[in-house]
Each structure stands twice: as C-alpha cells, then as structure tokens.
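Student: Dropping a prediction and its sequence here:
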2 protein chains.
Amino acid sequence: MEGLIKCSANYVPLSPISFLERSAVVYRDCVSVVYGSIKYTWRETHQRCLLLASSLAQMGIDRGDVIAALAPNIPALYELHFGVPMAGAILSTLNIRHDSAMVSVLLRHSKAKVIFVDYKLMDVACNALKHLTDEQLMPPLLVLISEPSSTSTHMEFDALEYESLLMTGKPDFVVRWPKDELEPIALNYTSGTTSRPKGVVYSHRGAYLNSLASVLLNEMQSMPVYLWIVPMFHCNGWCLTWGMAAQGGTNVCLRNVTAKGIFDCIASNKVTHMAAAPTVLNMIVNSPASDRKPFSGKVGVLTGAAPPPPHILSKMEELGFSVTHSYGLTETSGPATVCTWKPEWDALPLKERAMINSRQGLHHVGMAEVDIKDPVSMTSVPADGETIGEVMFRGNTVMMGYFGDLEATTEAFSGGWLRTGDLGVRDSDGYIKVKDRSKDIIISGGENISSVEVESVLYYHPAVLEAAVVGRPDEHWGETVCAYVKLKDGCTATPEDIIEFCRTRLPRYMAPRTVLFEELPKTSTGKIQKFVLREKAKALGRPSTSRMSSKL
Amino acid sequence: MEGLIKCSANYVPLSPISFLERSAVVYRDCVSVVYGSIKYTWRETHQRCLLLASSLAQMGIDRGDVIAALAPNIPALYELHFGVPMAGAILSTLNIRHDSAMVSVLLRHSKAKVIFVDYKLMDVACNALKHLTDEQLMPPLLVLISEPSSTSTHMEFDALEYESLLMTGKPDFVVRWPKDELEPIALNYTSGTTSRPKGVVYSHRGAYLNSLASVLLNEMQSMPVYLWIVPMFHCNGWCLTWGMAAQGGTNVCLRNVTAKGIFDCIASNKVTHMAAAPTVLNMIVNSPASDRKPFSGKVGVLTGAAPPPPHILSKMEELGFSVTHSYGLTETSGPATVCTWKPEWDALPLKERAMINSRQGLHHVGMAEVDIKDPVSMTSVPADGETIGEVMFRGNTVMMGYFGDLEATTEAFSGGWLRTGDLGVRDSDGYIKVKDRSKDIIISGGENISSVEVESVLYYHPAVLEAAVVGRPDEHWGETVCAYVKLKDGCTATPEDIIEFCRTRLPRYMAPRTVLFEELPKTSTGKIQKFVLREKAKALGRPSTSRMSSKL
C-alpha cells in the first residue's frame, strides 16, 4: 500500500521497560513494592531502576552483557528486572537452592560480568567465585544486597553494596532501549543440569507479550496487590515481575514462604492475587488454624509447575481462594496455557469442578497454539481424552533458544514447534491434560501409567500430606508403581491401607505395589525431585516375590 | 547471542485473527454474538468467518485487496472484521451517515473490490455505484446483507446475498495469515473530508496491540458482555471488535441506539461493558423513567470522541454506570489514553470526581508515549495545567499512514511523533487535559478560549440538553463566544438567563455573548458538527452593537 511509513511515531520495539516508564507517571504515588517496613511508590521504583541502570553503565556494562542475581523475593531482585535491561544488559536470575559448584558452572557458562547477591547467600556466591578464580577465570564483580539486620562478615572478595551502588547512578540516565525487540532480556537456567547447563533466553518482545498474557489470565484489573510466593528467579516470576508494572500493582515481597507468612501478608496488604506451586497450596490447606487469618474477598491464585491434585484445589476453594490452573515451562516464559473457567461449571459438585480445573486447558492469548502431537508424524492426536501425544507449542512467548547451544535449540524446535517432552491428551472440549513428563511415565506390563493420576488419588487419602509416584524395576512387569508418601503430623497409615485405598479408586495395575513413608526431596520452586526418588526406587531392587497375576 | 533461532516455533506475526482462532476452541460454546433472536457461539462465528474468507478467496480476492462495508452494528459487520483479513484482504468500514456521493468518493479512493451493504442502505450504495459507472469506473461487487424482515426491492446492480455467499465457502479454508505483522488490516476514512479523503491504515500488529490495550483499559475480565453502541465502522469499534474475541466475550448488537434499547439490552443480556460518545450518555441521563430498567452490578462505560461534560459523568454514576474516560483519534486506532482512576479519588465530592474524570489521562499500555509539546520547538510543556501545547503520540498503535497520501502521512509524523491537532495541557499529576481541537479554540481579545470549558458550564444549566460553542466574528474582539443550545423537552430559558448563568461561573470574557436555541447537527458517531455551527455563526455577521468593555 502506498503512503505508509514505518518510523518512530508508529513503531517502537516491544519491551517490558515501557511498563515501568508508564507506571512511573500513571501510578506515580501508588505503592509499587512492599517488604516488611520498606515501601516504595512507582515513581521511586522507576528512579531506583534508573540509578541502577546508570551505575551499571558507569562500571562499563554494555549492551548484551549478562548480569547475574542470587536472591530470594526481595525488592532489589524486583528492581534488577528493570534496571538490568534499562542498561541494555541481560538478567540471569539464579536458583537460590543451587550450591556453589552449580553457581560457578552457571556463571562460567553465562560469562556474567556482575553478580548481585543477597546477604544470606554470600557464602555460596563467594565459594562459587573461588571456583572460578581457581580455574584462572575472571570472576564477576560482586554486589552485596544487605539489609539493616544483616551483619558484615569477612569476605574473600571485594564487594560493592547495592544501596551504595545506586547512589553512584545518575537520575537522568538515558535508557538503552533494545534496537530490535528480539534482543535478549533474560537468561534463565533450567534446573537439574550440571553437565550441560541449558540457558533459556527470552526476548524483549516475548517478555512483553507474556507479561500482558499473564495479567489477562490472572484476571487482573488495574492496581492488583500481588503476593510474591513464586520465586522471581523462576521464569522471572512467571513474567509477573514485568506484568505487575504493566498494571501499576503492588508487589508484596516475602523472604520466607510459610503458611502463617502468607495469611499475614494477605490480611495486612489486602492481597488480591498470588501464585504458587501445588506444594505451597498443600502447605496452605494443611496449615493449623492458628496460622490462618480471615480475609475479605476472594484471593486469585495461579498454580502451575505441576498439576495440582484435585483434592488440594477443592480445599483451597473452601478457604476462600479462587484457583486458576496454568501450565508452562521455562522455555515458554512460564505460563503458556490456562484452564479457563466456564460459568456452566459453577453448578457442578466440588470434586468434579476440581477434576476439570486440574487440566492444563488451552494456550493463552499471547501464545499462538498448543497441540498434542505424535512426535514422529507430527499429526495431532484426536480429541478423545485418551490418545497420548507430546505437548507442543508455537508462539511469540516461546524462548529464543538455549544460550550457546544451537544443537539443543534446533532439537527443541525440530518440526517448527517447541517440543516440551511432556505427554498429554486432548479432551473432547478441546482442553489438554498433561499426563506426565515423558520420563515420569511408568510402564507396567506394557501399559502407560500416569504418575500424576496415581498421585491425585493418594492426595485424597486423609492421612497423606505429600505423595510422589515413580516406577520400580520389576522382573515381570518391567516396572511397578512405587509411592513415596509423607504423612500428616499425628496421622498414621500402613502401606497396605494406602494400597487398598488406591485399589478401590484405580484400575488394579495402576495402584502402587510399594509404599514408603518418608520426607520428599524438593527443588527450590517446590517441585518434588522425582529423579532422586527414581534413583531410590532403583536401589530398592526388584521385589523378591513378584507374583504372577493377570492385569487388573 | 549464540544458539538462538527465529523460526515458526517462536515467532508468529501478531494479528487479531489469532484471537478468533483461540476463542473458537477455548470459548467454543459460549455466546459470541447476540442480535435480537439471533445467537451465535464462538465456534459458529469462527466457522462463519472461515466461510466468508473462503467465499471471498473464491471470487478472486487477493492479499491486499480492499473490501468495503456499509452497515450498522449487525452480526455481519462483526464477521467481516475477521473474515476479510482471514482472506488476506483489508477491511474498509464506511460511515453509514455518508451520502452516496461521499460513498462513491471513498470507494474510488480505496479501489474496493467488493462492498457489503446492509439492506436499509442499498439505495445509498446503488447510487454510489452509479456515480462510479457514470465515470466509466468498474464498481465493486455488491453483497446485500438482508434480514428476514427486509423486502427485496428492485436494484440497479446485481447483488449477491450475504448468507448465500457464505454457503459457497469451504469450511476447511486455510487462513491467509499476514506474512509481516505490519501488513494492513483496516482502512478507516476520517470524517468530513470530501475533497481529499484521508484513509487511515492500521496494521495487524497495531490492531492486535490496541485490542489488548482496550481490553485492559476497559478493566475487562474473561467473557465480558459488551453492548455495541459505538459504531463498528468507527476505528473498528475502538478495536473492541477484535478485543472481544480476545476475551471470549458476548457482542450484543443493536441496530438503533435509543435509551430504551440500551436499558432493555443491559437488563436482558446482563451487559457488563459498553462504550459511547458523550452525546449518547447525555441521552441516557435525560431519558424518561419509563425508558429505564433496573440492572444489577455496575456497567462499565468507556466514553470518548469528545470530552464528557462533568455534569453528565456525575449523573451516569448516579444511575449505576462506572464511566472510564478515554481519548484517541482514528489515527491512534481509537483509544490511546485513559483517565485511570485512583482509589484516593473515591472519597472526593461527586463534582470534583467528575472534573478529574473529564481529563484524558495518560497513554494506555499499548502506546509508547503521549506528550504535550510546542509544535515548533518540539519541547514538552511544563506540567502546570496551564501551558497549552499540541497533543502528540508515538507508539505501535499509531496508524501506518494515510493510504495513497505520503505527503499527509509525512506531515502527520513530522518530528517523529503523530501530531493530533488537538491542544491540551499537562496537570501537575502528569495527566493530560485536551482543551480543544486547534480549530475549535476561540480567540477573543487575544485570549484563547476553550470551547470545551464553556460547554462544560452550559451543561450544568438545568434546562440545557445539549450545547456547543463556536467563535462568532467580531469587529472589536476578533471573535466572541457563540453558544448553540438545545433545551430539554418542556424547559424554557432565555439567552440572557444562559449568559448570566455562565458569567457567574466563568471569567467574563469566556461567557457567551450570543445564545441561539436550536437542534444541533451531528455526525453518525454522535459528535456535534462544529464546522456547520461555525459556518452558521459566520453567517450571523458581526453584532450590530459591539460594546467596548474592558476584559475581566
């Protein structure tokens, strides 16, 4: 078409930085961040992020440099989400449960120029830096994020202090906007990979679009009050670090996640929304009455990371939470699907509602498509709720790839879709249901058993607090179902009780044959570490008396 | 950064078509469109749009072709918003108040290949086509949108019928997605330009982003019920044609906008949101009690097109509407700013709240920036609420330009900003307030008088239903203020009453010197046609006794 122009008046690279710049004016005097007695407004947060960006630029940080952070959900980590990209750099938030060896691996891989570290994690960071110097590598510059209560300890490395650093910045710093919206904004390492770290890269465009999609799928209106439970280092807080700036909301920071802390924060800050993995929901529903506080209105809760057991969903509802189930991966910038609730489901019995809501639903408005495909032929599975295929995505909120690993990127995108490695089905209403990670599927007597389905049943047992199911090697069946269970305080049950409970609710071949009571190993994001349990189950060896019995 | 790829897995051109594709699955059985006894689900709307796109493709419509439409807010016009771009074509919705001469000018300018026409507008369309054939031009193909009640009349041109056309389409049509997200999706002619039509072009990207921004500024959650009052032919219904598909909402169509019709629709469809120009709000607040119906819950109302008089805002609030004030132009895809409401304003007196809400606010989340600038030096005015400058925008939701008029496009974007021609100030809280269109400012004795401010006062007079103020030529003052007023039914007032009322509320030089009672000329979108009144005021001639009096 003639007469059209692309210029600065009508084309601006999409970037979450724009959310902060806008909120600094629209919501200037509204509270942006609360952390104990600390309170900032959006104007202040904007100013502080400018100072941060300026101080990074002054120390020589350039476009495309990586800045690492090792911190829980504290205001500084929130500010890094804007300050780092405003300096043209890329934020790499590290999991705070990593040990120093893992941190050093990731720092070496990302070539981070600076690392911002919470005062409680200085030991880990210093040891990681030592690993690097031991290898004759230049360690990143260390910035300590201290708190009034923190005591200074002797450190092996010189460190700047966060607030002092900010004071060196210039408030009139000119933001280094991305020249191309596909430039990287964040680098997020997926967990559990020491040998070959996978650094997932998000673009400014992807982050912008996923932030808006997250706001919409959380049903957030202007100025929501959001309680930070999901770590900001996990997919940048499912992109709500940026999304909250888009809506001019209040970020309620919480260092230690406890049921009491959550209820206290909800009551004192009038929290409207929060997000948490199912294990945290489990903690909430099993908390003693003394830890709870009443609150007015429904609190919207987004859950994901693992399919929430129906039992927990229904208990949360009873407590006044409205749970929305979302699903995604680090590779999809966090939330990628949402189980959109339909009004006609309101009238169904609680248990049925929970079953419906435990599905992953459909892609959100920022993602182009989710599909369940045969991974070889790439054809879609029928919407019969039974045929298993691989969950695949395509859309603008899918990562740009794995940093420095073109082979892994190419493999993940083979066929023009992001392959998730998750197995699922499509129900007749179009919604998808993830049955398992492909490696979590138990194959017993040739039948695929979804560990998630067995776990859902276990959670209905009144004595069960937490449960995880893995395959145990078996001479005859190949594998049998092995359940690791943590009982509620003061409750008792025998393995036989649990097995019997499952048998009345599941096909016989799906019920556990082995039940072990113990503490469950978890990642920092609250995911149960199945690979640890799988190793344990392997170590159990094959059962001595493997009965020959027909299936069922 | 190494290892990254841009491919179909992680890059998809932004397009509102994706909203419909998604809603066809997520909201498949939810009501998409209601029109009297007609009701479609999202699955049906998607199917119908596919058939429409397919039938257009079959008649030879190609990528980049223009398809015109001349229709009020009926389901077919909604479907054209998706069906046309799905065929790769560009939708040009025409103002239904245009006469046949104007329609022929626009069809000639756009080179439309097909025109879809509502049965009540067939005379206008046929006459327009006749104009074209008279000039030896090939007229566009005519498609009649009939209704069961419509009677077939003899027509000069052969016409296809909309429903029959759809039946020729193939349901498995493969959508022609834009290859580049900056490809045009819509062509909207601005009103009042016979000599040199200005065809504003929107891109798929701009439409996508403005749709999401509109959803957010309307504070819409999933599945809103939206009453169509704003014509879909006006900036594509302020982009909510597409936005409603993003949220899986229900589009309530209404052919004739009356107060009774509005209240009936709200009550029977449980409307949650609507949008309307201030003249429609005026009609609502002045409607007889017999036309009104009670409704439960607040109905969100977006208003714009002209600054709403505070008096009307406060009356709407009393009636149970929650009015959000937005501002924009055809060139900004409709809404570009929003007067975001702050909780601390809730406690203010009604009148003060209305004053605050009559401001235009700040740019929405999809726009990069709004500024008030000196049009020559391009420097920003101070935030003093007094210094007048030109309202300017930059961002992705600004048009791509004027079709076929590079000169006009270049002029509109000179300095790298969209120049609106509107004059405004910036308040100390950062919000902007539009004082007037630059051509609507009255200059009296060297003072700039905002016609909008005088009108706001006039609306407070208990007998005034509608008012518009223009400059009347004056020997001594250059111009004086001339008010055209329509009184409420059964009310009386003299010009002297009105003048006195204004003098007690405004500086003396701002009060009208002439008051005339008559019907006010309006555009189809409910805007008062000031250029008509200006011509009338000119024709009045200079006052015979122009008193010499000192300014006050």
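Tutor: Done, it's in. Computed from a predicted model, the values in this text were never measured in an experiment.
Student: tell me the phi and psi of A:Gly328?
Tutor: With angles defined as degrees, to the nearest 10, A:Gly328 sits at phi -180, psi -180.
Student: If we ignore the residues flanking it in sequence, what's nearest it?
Tutor: Leaving out its chain neighbours, the residue that sits closest to A:Gly328 by C-beta to C-beta, 6 or more residues apart in numbering or on different chains is A:Ala336, at 3.7 Å. From N, CA and C alone the C-beta is placed, and that goes for glycine too.
Student: Could you check how far the one you found is from chain B?
Tutor: 12 Å (C-beta to the nearest C-beta, to the nearest Å).
Student: same deal with A:Leu520?
Tutor: With distances taken as C-beta to the nearest C-beta, A:Leu520 is found 34 Å from chain B.
Student: what's near enough to touch that residue?
Tutor: By C-beta atoms under 8 Å, 6 or more residues apart in numbering or on different chains, the contact set of A:Leu520 is A:Glu466, A:Ala468, A:Tyr484, A:Lys486, A:Ile528, A:Gln529, A:Leu533.
Student: Quick one: name whatever helix or strand follows the lowest-mean-pLDDT helix or strand in chain A.
Tutor: Within chain A, judged by mean pLDDT, DSSP states H and E, the helix or strand with the poorest mean is strand A:447-449; its value is a mean of 79. Sequence order places helix A:451-458 as the next helix or strand after strand A:447-449, per DSSP states H and E.
Student: For the stretch 51-200 of chain A, what lies in contact range of chain B?
Tutor: A:Gly64, A:Ile90, A:Leu182, A:Pro184 (C-beta under 8 Å from any C-beta of the partner chain).
Student: Please narrow these to those residing in strands.
Tutor: Among these, DSSP state E puts A:Ile90, A:Pro184 in strands.
Student: Could I get the full set of strands for the stretch 1-150 of chain A?
Tutor: Applying DSSP state E, counting those that start in this stretch to the stretch 1-150 of chain A gives strands spanning A:31-35, A:38-41, A:66-70, A:90-93, A:114-118, A:141-145.
Student: and the residue nearest to A:Gly328, how many residues sit next to it?
Tutor: 30 (other C-beta atoms under 10 Å in any protein chain shown).
Student: quick one: it is in a strand?
Tutor: Yes: counting by DSSP: H, G, I helix; E, B strand; the rest coil, A:Ala336 falls inside a strand.
Student: quick one, what contacts the most centrally placed residue in chain A?
Tutor: Among the residues of chain A, the one closest to the centroid is A:His234, at 4.5 Å (C-alpha atoms, centre = their mean). By C-beta under 8 Å, 6+ apart, the residues touching A:His234 are A:Asn95, A:Asn188, A:Thr330, A:Gly334, A:Thr525.
Student: The second one bridge partners, please.
Tutor: The residues paired with A:Asn188 through beta bridges, assigned by DSSP bridges, are A:Val200.
Student: Isn't it up against A:Asn236?
Tutor: Yes: using C-beta atoms under 8 Å, A:Asn188 makes contact with A:Asn236 at a distance of 7.0 Å.
Student: which one of those two has more residues nearby?
Tutor: Higher neighbour count among A:Asn188 and A:Asn236: A:Asn236, with 28 against 25, using other C-beta under 10 Å.
Student: How about the more buried one, nearest residue that isn't a chain neighbour?
Tutor: A:Asn236 sits nearest to A:Ala186 (C-beta to C-beta, 6+ apart), 5.6 Å away.
Student: For the one you found, give its distance to A:Asp180.
Tutor: A:Ala186 is 16 Å from A:Asp180, where distance means C-beta to C-beta, to the nearest Å.
Student: more crowded one of those two?
Tutor: A:Ala186 (28 against 9).
Student: In three-state terms, how would that one be classified?
Tutor: A:Ala186 is classified as strand under three-state DSSP.
Student: so who does it touch?
Tutor: The neighbourhood of A:Ala186, defined by C-beta under 8 Å, 6+ apart, consists of A:Ile90, A:Leu91, A:Ser92, A:Thr93, A:Val201, A:Tyr202, A:Ala207, A:Asn236.
Student: Could you let me know which of those ends up closest to chain B?
Tutor: A:Val201 (5.8 Å; C-beta to the nearest C-beta).
Student: Can you check the pLDDT for that closest one?
Tutor: pLDDT, A:Val201: 98.
Student: Likewise for A:Glu535?
Tutor: pLDDT, A:Glu535: 90.
Student: what about A:Ala89, neighbour count?
Tutor: Counted with other C-beta under 10 Å, A:Ala89 comes out at 26.
Student: And it, how close does it get to A:Asp405?
Tutor: Distance of A:Ala89 to A:Asp405, given as C-beta to C-beta: 21 Å.
Student: What residue in the stretch 51-200 of chain A comes nearest to chain B?
Tutor: Of all residues in the stretch 51-200 of chain A, A:Pro184 sits closest to chain B, at 5.4 Å by C-beta to the nearest C-beta.
Student: report the longest helix in chain A, please.
Tutor: helix A:42-58 (DSSP state H).
Student: pLDDT below threshold where in chain A?
Tutor: Chain A contains residues with pLDDT under 70 at A:152-154, A:191-195, A:305-307, A:524-525, A:543-552.
Student: Not counting its neighbours along the chain, what's nearest A:Leu313?
Tutor: A:Ala354 (4.1 Å).
Student: after the strand or helix carrying that neighbour, next one along is what?
Tutor: If you go by DSSP H and E, A:Ala354 is part of helix A:350-357. Reading on from helix A:350-357 to the C-terminus, the next helix or strand found by DSSP H and E is strand A:362-363.
Student: Could you report the neighbour count for A:Ala483?
Tutor: 28.
Student: same check, this time on A:Gly416
Tutor: 12.
Student: can you tell me which residues contact it?
Tutor: Listed by C-beta under 8 Å, 6+ apart, the contact partners of A:Gly416 are A:Arg394, B:Cys7, B:Ser8, B:Ala9.
Student: ok, of those, which one's closest to B:Ser37?
Tutor: Nearest to B:Ser37 out of the contacts of A:Gly416 is A:Arg394 (C-beta to C-beta; 39.8 Å).
Student: Check which helix or strand that closest one maps to.
Tutor: Element membership for A:Arg394 (DSSP H and E) is strand A:389-395.
Student: Assess the claim that A:Ile61 and A:Ala87 are in contact.
Tutor: Yes: with contact defined as C-beta under 8 Å, A:Ile61 and A:Ala87 form a contacting pair (5.4 Å).
Student: Tell me the spatial nearest neighbour of A:Gly424, not counting adjacent residues.
Tutor: Using C-beta to C-beta, 6+ apart, the closest residue to A:Gly424 is A:Val434 (4.4 Å).
Student: got a list of what that neighbour touches?
Tutor: Contacts of A:Val434 by C-beta under 8 Å, 6+ apart are A:Pro307, A:Tyr327, A:Gln360, A:Val391, A:Asp422, A:Leu423, A:Gly424, A:Val452.
Student: near chain B, which residues of the stretch 251-400 of chain A?
Tutor: A:340-343, A:361-363, A:365, A:368, A:393-396, A:398-400.
Student: Pull the CA coordinates from the helix or strand containing A:Asp371 and hand them back as CSV.
Tutor: Here A:Asp371 sits within strand A:367-373, counting by DSSP H and E. Provided in CSV are the C-alpha atoms of strand A:367-373 (Å, rounded to 0.1, in the frame of the first residue of the first chain):
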residue,chain,number,x,y,z
MET,A,367,0.7,-17.9,22.6
ALA,A,368,-0.2,-18.9,19.0
GLU,A,369,-1.1,-22.6,19.6
VAL,A,370,-0.7,-25.6,21.9
ASP,A,371,-1.2,-29.0,20.4
ILE,A,372,-0.8,-32.6,21.3
LYS,A,373,1.1,-34.3,18.5
